[in-house]
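Trainee: Here is a sequence with its predicted model. Questions after.
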Amino acid sequence: MIRLPAIPKPTELTSDVAQEMTALYKKEGTAVWQKTYIKKALLEMSSNKCCYCECRLTSVSHYLEIEHFHPKSHYPDEVIVWNNLLPSCKRCNVNKGNHDTKKEPIVHPVKDHPKSHFILRAYRFYNKTDLGQMTIEVIGLNNRERLVKKRFEIGVELIEQLENLLALCTEYDKGMSSSTRRRNRIIETLRNLMREGTHQYEFSATAATVILHEESYAKIKFLFIKHQLWDDELIDLETEVKFCAFNVSSL
Ligand SMILES: [Zn+2]
């Protein structure tokens, strides 16, 4: 789970339209939120990911569901209120069900900073606050088969890639292989690795947290700085990674 940006309400969703839709839902139970312009805006907001578990929503097994943060069954007047709509996967949406978020609040991915409420350790979320604990339980953020295993696989893969890159950097540092081709390959490899910890990528919170806490990353960064390879693009990428990472001081 990472913090998502608030994006403006689609222009199609005027107050008149919203009023009509709300009345229709209350009268006939019509799924008034199923509009292409709403889906498009929500997917843009989350980079095509579930707002809770960060799985990719465009893959065959994970279609977008429009989730009502305050459940429409309890709060029908909010059925089409823009900041009550979120992009979710089916699993998270089903887990959350009709949970009453006004009586027992959970972390809102746009309004709250998830990293103020959780830490991520050994590929599991742990609560820092009561809100965090409620979210873990209601959404099922530590589902072993679906999420913890996936995070573990991503972490193992990244750690291996960082180790391999460190070996290349060490050779470069010792002058064993200092060609321009090798230098460019090293830079591009690190950029690609770091992109996995930015918000466009699936499970970016896990990738970002792993990257920033691996000793190999610190050593690679040290060698990059030593050889003046730590450029503006890498500085920007690291800022983006820090945004998605847990257990770091910045929000
Ligand atoms: Zn999900």
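Mentor: On my side now, so go ahead.
Trainee: From E104, how far out is I119?
Mentor: Look at I119 and E104: by Cβ to Cβ, to the nearest Å, they are 21 Å apart. (Glycine included, C-beta is placed from N, CA and C.)
Trainee: no no, T170
Mentor: Taken as Cβ to Cβ, the span from T170 to E104 is 52 Å.
Trainee: near the ion, which residues of the protein?
Mentor: Applying Cβ under 5 Å from the ion, we find that the chain lies next to the ion at C50, Y52, C53, C89, C92.
Trainee: and the residue lying closest to D77 once chain neighbours are set aside, which of the three is it?
Mentor: Distances taken as Cβ to Cβ, 6 or more residues apart in numbering place T22 nearest to D77, at 6.3 Å, with adjacent residues excluded. Following DSSP: H, G, I helix; E, B strand; the rest coil, T22 is assigned to helix.
Trainee: and T22, how many neighbours?
Mentor: As a burial measure, T22 scores 18 neighbours (other Cβ atoms under 10 Å).
Trainee: quick one, what contacts it?
Mentor: V32, P76, D77, V79, I80 (Cβ atoms under 8 Å, 6 or more residues apart in numbering).
Trainee: Could I get the residues you listed in a markdown table, plus columns for neighbour count?
Mentor: Formatted as a markdown table, these follow (neighbours: other Cβ atoms under 10 Å):
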| residue | neighbour count |
| --- | --- |
| V32 | 20 |
| P76 | 15 |
| D77 | 12 |
| V79 | 24 |
| I80 | 23 |
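Trainee: Show me which pair in those is furthest apart.
Mentor: V32 and D77 (12.5 Å; Cβ to Cβ).
Trainee: Which residue is the nearest non-sequential neighbour of whichever residue of the stretch 101-250 of the chain sits closest to the ion?
Mentor: Per Cβ to the ion, I139 is where the stretch 101-250 of the chain lies closest to the ion, at 7.4 Å. Distances taken as Cβ to Cβ, 6+ apart place Y52 nearest to I139, at 4.8 Å, with adjacent residues excluded.
Trainee: before we move on, what SS does the one you found have?
Mentor: Taking three-state DSSP, the label given to Y52 is coil.
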